[in-house]
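> Fold the following, please.
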Amino acid sequence: MSCPVCKSINTGKVGHNAYYCADCLLEFTENDGEIAIYYIDAEGSSYALRDKDAAAILVKSIREGNDLLLQESIEELIIKS
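Residues are numbered from 1 along each chain as shown. Predicted coordinates for the structure are as follows:
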């Protein structure tokens, strides 16, 4: 399965309907055609991202070397529970 964010085929299955993209460092799940995207931080916490646009912003920031985003920046991109 290709990554819904960066379109890479450098993905692997990590669970039932769960995948990891080695290029953009995000996890995603697919259920009945619905895609959910997750950011996993350095401590292993998982954050559900709002949408593909939020994921793209996060990936761009990581690629620019800003992998230690301010908590406020991440808060804007995740789904509040």
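> most distant residue from the middle of this protein?
Each residue of the chain has a distance to the centre, and by CA atoms, centre = their mean the biggest one is for D32: 18.9 Å.
> residue contacts, Y47?
Y38, Y39, I40, D41, I74, L77, I78 (CB atoms under 8 Å, 6 or more residues apart in numbering). C-beta: built from backbone N, CA, C; applies to glycine.
> again, but for T29
Contacts of T29 (CB under 8 Å, 6+ apart): N17, A18, Y19, I35, A36, Y38.
> Got a PyMOL select line for the buried ones in those residues?
To isolate the buried members of those in PyMOL, using 16 or more other CB atoms under 10 Å:
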select buried, resi 19+35+36+38
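> Any chance of a markdown table for the contacts of T29, columns pLDDT?
Formatted as a markdown table, the contacts of T29 follow (pLDDT from 0 to 100):
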| residue | pLDDT |
| --- | --- |
| N17 | 92 |
| A18 | 94 |
| Y19 | 96 |
| I35 | 93 |
| A36 | 95 |
| Y38 | 94 |
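> roughly how far apart are the nearest residue to D23 once chain neighbours are set aside and C21?
Nearest non-adjacent residue to D23, counting by CB to CB, 6 or more residues apart in numbering: S8, 4.0 Å away. To C21, S8 is 6 Å away according to CB to CB, to the nearest Å.
> Neighbour count: these two, which is higher?
Shown here are S8 and C21; by other CB atoms under 10 Å, C21 has more neighbours (24 against 12).
> Let me know the distance separating that one from I62.
12 Å.
> Same check on S2?
In terms of CB to CB, S2 sits 19 Å off from I62.
> Tell me which of the two has more neighbours.
Higher neighbour count among S2 and I62: I62, with 16 against 12, using other CB under 10 Å.
> ok, now which ones touch that one?
With contact taken as CB under 8 Å, 6+ apart, I62 is in contact with C24, L25.
> ok, 6 Å please
The contact partners of I62, by CB atoms under 6 Å, 6 or more residues apart in numbering, come to none.
> Next, it: secondary structure please.
helix (DSSP: H, G, I helix; E, B strand; the rest coil).
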